[in-house]
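Chemist: Have a look; sequence and predicted model below, questions after that.
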Amino acid sequence: QVQLVESGGGLVQAGGSLRLSCAASGRTFSVSGLGWFRQAPGKEREFVAAISWSGGRPYYADSVKGRFTISRDNAKNTFYLQMNSLKPEDTSIYYCAAGRYVIGAEGRPDLYSYWGQGTQVTVSS
């Protein structure tokens, strides 16, 4: 089992920045991929960004490309989502996830076996 604990959500004005953190514990060696998803009220869960534990090129949804950055700190078993130039449409509950990293399928939620509890991000206009 892998446990994921998120932190860093909150309220920010449009154009502002937030950094989300996701601390992993347990059998972290059993997962190869790390991802961030989000879900707004009345909408389906949406892929945001992904990266492998071993590094390599990250993968982003078009809607956040150039504004969000995913990174990881292997020594701390923690990964991050730096969100800049936030827009009101970024308002959502953000979830971190860990699972199997498959190139070309980074955005498939079914590849992620473990999920954080979610953290609210609200961007005011």
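Modeler: Nice, thanks for sending it over.

Chemist: center of the protein, which residue is that?
Modeler: Trp36 (2.0 Å; C-alpha atoms, centre = their mean).

Chemist: So what sits opposite it in the bridge?
Modeler: Trp36 forms beta bridges with Ala49, Cys96, as assigned by DSSP bridges.

Chemist: Return the distance of it relative to Arg27.
Modeler: 21 Å (C-beta to C-beta, to the nearest Å). From N, CA and C alone the C-beta is placed, and that goes for glycine too.

Chemist: Which neighbouring elements make contact with the lowest-mean-pLDDT helix or strand in the chain?
Modeler: Across the helices and strands of the chain, the lowest-confidence element by mean pLDDT, DSSP states H and E is strand 55-60, at a mean of 88. In terms of contacts (3 or more C-beta pairs under 8 Å, 6 or more residues apart in numbering; DSSP states H and E), strand 55-60 is packed against strand 46-52, strand 68-73.

Chemist: next one: the first one to chain centre, how far?
Modeler: When C-alpha coordinates are averaged (C-alpha atoms, centre = their mean, to the nearest Å), strand 46-52 and its chain have centres 6 Å apart.

Chemist: where's Tyr101 relative to Ser30, distance?
Modeler: 12 Å.

Chemist: got a list of contacts for the least confident helix or strand of the chain?
Modeler: Val48, Ala49, Ala50, Ile51, Phe68, Thr69, Ile70, Ser71, Glu106, Gly107 (C-beta atoms under 8 Å, 6 or more residues apart in numbering).
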